[in-house]
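Colleague: model the following, please.
(chains A and B)
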2 protein chains.
Amino acid sequence: MNQYYSKQLFVNDIIAAFIVTALLIPQSIAYAMLAGLPPQVGLFSSILPIVVYSLFGSSTTLSVGPVAIISLMTASAIGSVSENVDVGYAEASIVLALLSGLFLVLFGLFRLGLIINFISKPVVSGFITASSLIIVAKQIDHFSAFDISSFNSTLALGVTCLTILLLNKQFGTQIFSRLMPAGIANLISKAVPFLLVVLASCMSFFFDLEAIGVAVVGYIPQGLPSISFAEVDVSIVEKLALPALMISLIGYVESVSVAQTLGAKKRETIIPNRELIGLGASNIASGLSGGMPVTGGFSRSAVNFEAGAATKLSNLYVALGVALAALFLTPYIYYLPKVVLASLIIVAVIGLMEFVVFKRTWLYSKSDFLAVAATVVITLTSGVEAGVISGVIISLCLHLYRTSKPHIAEVGLLEGTEHFRNVKRFDVTTCPRVLSVRQDESLFFANAEMLQAYVLNELYKRDQIAHVIIQCSAVNEVDYSALTMLENLNNKLFEQGVLLHLSEVKGPVDDKLATAGFYDRLTGNKYLSQYDAFEALKR
Amino acid sequence: MNQYYSKQLFVNDIIAAFIVTALLIPQSIAYAMLAGLPPQVGLFSSILPIVVYSLFGSSTTLSVGPVAIISLMTASAIGSVSENVDVGYAEASIVLALLSGLFLVLFGLFRLGLIINFISKPVVSGFITASSLIIVAKQIDHFSAFDISSFNSTLALGVTCLTILLLNKQFGTQIFSRLMPAGIANLISKAVPFLLVVLASCMSFFFDLEAIGVAVVGYIPQGLPSISFAEVDVSIVEKLALPALMISLIGYVESVSVAQTLGAKKRETIIPNRELIGLGASNIASGLSGGMPVTGGFSRSAVNFEAGAATKLSNLYVALGVALAALFLTPYIYYLPKVVLASLIIVAVIGLMEFVVFKRTWLYSKSDFLAVAATVVITLTSGVEAGVISGVIISLCLHLYRTSKPHIAEVGLLEGTEHFRNVKRFDVTTCPRVLSVRQDESLFFANAEMLQAYVLNELYKRDQIAHVIIQCSAVNEVDYSALTMLENLNNKLFEQGVLLHLSEVKGPVDDKLATAGFYDRLTGNKYLSQYDAFEALKR
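Modeller: Just a heads-up that it's a prediction; the model follows:
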């Protein structure tokens, strides 16, 4: 922003802002509807949050606002709290946005951005796919109507919209690029949803579709809603805390992945803790301005990127555009048929579904498949929060289970090199007096006993062994339990007249073992490399 | 047992059995008292369980019965259930023993013996130390009495016993070995508690200590107690399920460590799943014969080992001995002062306390120290079950936290070898065109992004890099999230004109990456060793 803001930059920004705004208006209203909130809440969530994010966040292309998955989570959270407590939907959504923002800011201040790494890719894919299925199922409702006469018109309108949007998504850029340069064709294709919304609203107005029973968005009050915090019950905050935490985590995962994907194209580094603060602040801004939980969305950010926004000021113009829409366009939005919004949502979430992840994880690793499958099943059957939480717990348990059963290989020398490999996979040289064992995992409480059992078992089977070398190239940690095990093993081997040696101990592990005085008690030696150890002991 | 049972073997067995029985009688009564149960429950728990274990278990020296920690856990479980439900202590202890047995058998049948590996050494040490402190605090009560006159005699008797037992423990073998061969001296020293019990009972009888207010064991009914299962409320089973699970896990941890320690001296392999079944069956036997939860105890097993039991039949003779005691000795046990039993318990648990673990973990690893400290504090303040559970959860979280922040080192060639080490620790050769990175941890969801961030960051800092080699010697797993990361990294590097290579990929990881088709998309090559990779790319 230190550069001189030339007229050309201004024009670029304004054009980009216009295109992004055209996308945001119908999207925001649609996601508000998905969350079960009045349309204006969606618009409010696309004004201040955008500006606040660009002040605090680290990405120059991310565009924040309501997104599909977060809107579904919002709907679920508000739905369950309002069953038990007497609270308006709009108030609940404000509290939810504020709490999510607070969590994100706290994570950022305490540098806990790493926490999201515990939500594995299979869990994220499974969760987003299942949530998208739930969203589609919910939107199908909008394709029907109460009486049979309006049912047909609603269905016809919906199916038409859906067809146009799907065709546009699949072939739009291709078709338009026959008529104009590819760059512009791409943007026109992105503007199709907006044009469709305008067209459908005009049709609805001129043919008075509401009169024949087609559900329309209806009256939207002007101005910002207000919340009196004195009225907000503590029990509401308590009930919304867990959903808000989930929303903040999933929102952050989604947003950071968008920011990184677009950032890599510009050699732009995304700073996790700044992202947390940026997203947190924009959620707080959303809450304070009567909005709902927001995060960085892929489609809008991609459009922002492709539309060629030159500076961050472009975000300001977008905010201005949406604000103007909230002030002046709402009387026209009245006529917009809901089924058009439902089509927009369906097409958006179809793009999020990743069924291929089932096949890929099945082929790659059964435990990753299990994590995806469990997340999908639990999300579909027990709801979004249960889905995320169980997914995380299941993938952690599977990881722990795997690391607790480490791969332990006997290794031998690959002739002509100094390299040691598994005796079962390579044609290698060994020596009957020396047992070379490679532990393929850090040594910690959950697996320490396995190594001891393996070594003792080999020892009981073969009589000639006089030296055991543990090749520690894959041992990244030796915790206290494992240290105790090594000392026991050292003693037990000694009782059998066998010496224990270590090779290729990594620096950090070496330091710890030395501090504990382990090397003083070690009956054998420590060698820099497995090759040195083997050469010294094979005689 | 296939060998011919000679007279010599029989004599050895009988002698060992006699010594073990002499230890077991007072111990069993003391631990029943600790658990808040009538004395005979302790005796019943040392009859059938011993026989059943020797039929199913895999250790030939393990001696099962009531032990201090499990008795404390039993007291805590029964105490909390009987506050809420109307159930007798003896019935509750039977249900607890049956449930623990059931859990153990199930774990054994489903081969889940590994589950106990998740209870780390620091947690076990912390838990046992804290439990021992609680036990000592409880036993101190027995050193006082209601009125001042008996207070003095009780205290005097208690302090005398405690002094004798402590002196015997510290110097007993040494003193007796001046008078007799060391082996016998050791056993005599082990028999001191029994002799003390006999002596104190005689004193109590002849001087009628009960009359002057010294608390004695009192009347012990003969025969087995019966439980009518029709009367056992489901709610009792529900309330005892979690404590029973904890008892079975801690009991198994303790027992297996005893069995392995003694087993190593005889080159005897302890089979975890058979141990689970053996212990489970003996707990069920304990429950069915009116006993309490049992496990393999260190002191009794060590005595069994040292007394030179020749065959498993020795266990049968011990069971017979305790049964005879339960039938014929109870009238004499009446006079045994409780403070003597309290002294026995205190001396036993003092031996279990491991305060040195605080210092050792503090010096070795702060996170292990944290696990010990948390376990101790939570056990002391919130009880035994909370202590174990939080200890396990805390050590798992600390482990996950550590593996989520892996050590990543840039490596270079150690001149004159084919070995690569950290550039910061060794004087090694590097090449500005090649970035060699060693990931010191398996690549999985919690840390995958760290490697990507590290590589991209180095790339942005240095312009000359044309090749990135990831040395995978410490990568024991690449899960689906990490595979996705590697593919992203591969693409991002390619966009910058940099090729990605892997070296020293382990067999199991290599297979998975090949299956996923990763090598087809990899822009660089896969090398058998880091040395090969570096030599090929440094030009």
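
Colleague: A:Thr60 looks like it's in a strand, true?
Modeller: No - counting by DSSP: H, G, I helix; E, B strand; the rest coil, A:Thr60 is not part of a strand but coil.

Colleague: relative to B:Ser473, how far out is it?
Modeller: In this view, A:Thr60 and B:Ser473 are 39 Å apart by C-beta to C-beta, to the nearest Å. Any C-beta I mention is one placed from the backbone N, CA and C, and that applies to glycine too.

Colleague: more crowded one of these two?
Modeller: A direct count of neighbours by other C-beta atoms under 10 Å in any protein chain shown for A:Thr60 and B:Ser473 places B:Ser473 higher, at 23 against 19.

Colleague: need phi/psi at A:Lys265.
Modeller: Torsion angles at A:Lys265 (phi, psi; degrees, to the nearest 10) stand at phi -70, psi -20.

Colleague: for the one 4 residues further on, same thing?
Modeller: With angles defined as degrees, to the nearest 10, A:Thr269 sits at phi -90, psi 130.

Colleague: let me know whether it touches A:Gly263 as I believe.
Modeller: Yes - counting by C-beta atoms under 8 Å, A:Thr269 does reach A:Gly263; the two are 7.0 Å apart.

Colleague: who's more crowded, the two?
Modeller: Remark: of A:Thr269 and A:Gly263, A:Gly263 carries more neighbours, 21 against 15, as counted by other C-beta under 10 Å.

Colleague: by contact count, what packs against the helix or strand encompassing that one?
Modeller: For A:Gly263, the enclosing helix or strand under DSSP states H and E is helix A:234-264. Where contact means 3 or more C-beta pairs under 8 Å, 6 or more residues apart in numbering or on different chains; DSSP states H and E, helix A:234-264 is packed against helix A:68-84, helix A:89-109, helix A:121-140, helix A:272-288, strand A:295-296, helix A:298-306, helix A:384-404.

Colleague: pick the most buried one from the ones you listed.
Modeller: Across the helices and strands packed on helix A:234-264, averaging neighbours per residue (mean count of other C-beta atoms under 10 Å in any protein chain shown) puts strand A:295-296 on top, at a mean of 28.

Colleague: figure out how far it is from the centre of its chain.
Modeller: A distance of 11 Å separates the centroid of the chain from that of strand A:295-296, by C-alpha atoms, centre = their mean, to the nearest Å.

Colleague: off-centre distance for the helix or strand A:Leu500 falls within?
Modeller: Counting by DSSP H and E, the element that carries A:Leu500 is strand A:499-503. In terms of C-alpha atoms, centre = their mean, the centre of strand A:499-503 is set 44 Å apart from its chain centre.

Colleague: C-terminal to it, what's the next element?
Modeller: helix A:507-515.

Colleague: neighbouring contacts of that following helix?
Modeller: A:472, A:475-478, A:483, A:502, A:505, A:519, A:526, B:363-365, B:407, B:409, B:421-422, B:425, B:440 (C-beta atoms under 8 Å, 6 or more residues apart in numbering or on different chains).

Colleague: the inter-axis angle of it versus strand A:499-503?
Modeller: Note on geometry: by axes from the mean of the first three to the mean of the last three C-alpha atoms, to 10 degrees, helix A:507-515 and strand A:499-503 are set 140 degrees apart in direction.

Colleague: next secondary structure after helix A:507-515?
Modeller: helix A:518-521.

Colleague: can you name every helix or strand that the next helix-or-strand element following that following helix contacts?
Modeller: Going down the chain from helix A:518-521, the next helix or strand is strand A:526-527, by DSSP H and E. When contacts are defined as 3+ C-beta pairs under 8 Å, 6+ apart, strand A:526-527 sits against strand A:499-503.

Colleague: so what does the strand it packs on touch, helix or strand wise?
Modeller: By 3+ C-beta pairs under 8 Å, 6+ apart, strand A:499-503 packs against strand A:467-471, helix A:480-495, strand A:526-527, helix A:530-537.

Colleague: what about the longest one and chain B, any contact?
Modeller: Right, the one you point to is helix A:480-495. Yes - using C-beta under 8 Å from any C-beta of the partner chain, helix A:480-495 reaches chain B at A:480-481, A:483-484, A:492, A:495.

Colleague: now list the buried members of those.
Modeller: Neighbour counting by 16 or more other C-beta atoms under 10 Å in any protein chain shown classes A:480-481, A:483-484, A:492 among those as buried.

Colleague: would you turn these into CSV with pLDDT and distance to A:Leu537?
Modeller: Below are these laid out as CSV (pLDDT from 0 to 100; distance: C-beta to C-beta, whole Å):
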residue, pLDDT, distance to A:Leu537
A:Tyr480, 90, 29
A:Ser481, 89, 28
A:Leu483, 92, 23
A:Thr484, 89, 25
A:Lys492, 87, 19
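
Colleague: I'd like to know which of these is nearest to B:Gly280.
Modeller: A:Ser481 (24.6 Å; C-beta to C-beta).

Colleague: run through the residues that contact that closest one.
Modeller: For A:Ser481, the contact set (C-beta under 8 Å, 6+ apart) comprises A:444-445, A:448, B:120-122, B:368.

Colleague: ok, and the most crowded of those?
Modeller: These, ranked by neighbours (other C-beta under 10 Å): first place B:Pro122, 34 neighbours.

Colleague: give me the below-cutoff pLDDT ranges for chain A.
Modeller: A:1-3, A:84-87, A:145-151, A:223-232, A:267, A:310 (pLDDT under 70).

Colleague: need the contact list for the residue in the stretch 301-450 of chain A positioned nearest to chain B.
Modeller: Closest contact between the stretch 301-450 of chain A and chain B, by C-beta to the nearest C-beta, is at A:Phe445 (3.4 Å). With contact taken as C-beta under 8 Å, 6+ apart, A:Phe445 is in contact with A:479, A:481-482, B:117-121, B:395, B:399.

Colleague: since that was my last question, I'll sign off now.
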